[in-house]
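Visitor: sharing a model prediction with you, sequence too.
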Amino acid sequence: MPLYEFECDCGEVKEELVSMGTNSIKCINCGKDMKKVISCSSFVLKGSGWAFDNYGSTKTKKKNK
């Protein structure tokens, strides 16, 4: 199950492991529905292989004789 972030009108923010179809959960402070929000991601592609890995290269490989 994915980890989602939920926010309530009262200011409460909570991360919860829920199924993908879940759009809201109950707030523990006020009992209202908390809505799913989009969080900032900390995902970063680092290293030399991501930009220059020759994946789309048109060079042909040498054949061994």
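Guide: Done, it's in.
Visitor: distance-wise, check the most centrally placed residue in the chain relative to residue 3.
Guide: The centroid of the chain falls nearest to residue 41 when counting by Cα atoms, centre = their mean (6.2 Å). Going from residue 41 to residue 3 by Cβ to Cβ, to the nearest Å gives 12 Å. Where C-beta positions appear, they are placed from N, C-alpha and C, glycine not excepted.
Visitor: contacting residues for residue 37?
Guide: Residue 37 sits next to 5-7 when contact means Cβ atoms under 8 Å, 6 or more residues apart in numbering.
Visitor: against residue 13, how distant is it?
Guide: From residue 37 to residue 13 the distance is 8 Å (Cβ to Cβ).
Visitor: which neighbours do those two have in common?
Guide: Joint contacts of residue 37 and residue 13 (Cβ under 8 Å, 6+ apart) are 5-7.
Visitor: kindly indicate the member of those residues with the most neighbours.
Guide: residue 6 (21 neighbours; other Cβ atoms under 10 Å).
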